[in-house]
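[1] Fold the stuff below for me.
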Amino acid sequence: LIYQLSLEESGTYRITWGAERNVIVIENGSVFIEEATCPDKLCEKQGKISAVGERIVCLPNRLVVQISGEKADSPDAVVR
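    A predicted model of the protein is given here:
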């Protein structure tokens, strides 16, 4: 677990793993990957997520962003 963040607080987070990098943005109750060093950029193309259970996966960079929480009205973003 790298971060556990509230979707109620906007911010930009840079995740670096060796030479790999992902930039994660939280804004307006959603989270998305703004930039990634992976070759296919599928994680960037997945777009914004905001519902409990949704996730963004960057397989080449071994990163998962997942929305978790007990209530749909108070999700958290968990980055692994």
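[2] Make sure residue 36 is actually in contact with residue 22.
    Yes. Between residue 36 and residue 22 a contact is recorded at 4.8 Å, counting by C-beta atoms under 8 Å. Where you see a C-beta, it was placed from the backbone N, CA and C, and this is true even at glycine.
[3] who touches both of the two?
    Contact with both residue 36 and residue 22 is made by residues 43, 58, 61, according to C-beta atoms under 8 Å, 6 or more residues apart in numbering.
[4] Narrow those residues to those in strands?
    Of these, the ones assigned to strands by DSSP state E are residue 58.
[5] In a markdown table, list the shared contacts of residue 36 and residue 22 along with neighbour count, pLDDT and distance to residue 26.
    Listed next are the shared contacts of residue 36 and residue 22 as a markdown table, based on neighbours: other C-beta atoms under 10 Å; pLDDT from 0 to 100; distance: C-beta to C-beta, whole Å:
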| residue | neighbour count | pLDDT | distance to residue 26 |
| --- | --- | --- | --- |
| 43 | 23 | 97 | 15 |
| 58 | 24 | 96 | 16 |
| 61 | 20 | 95 | 18 |
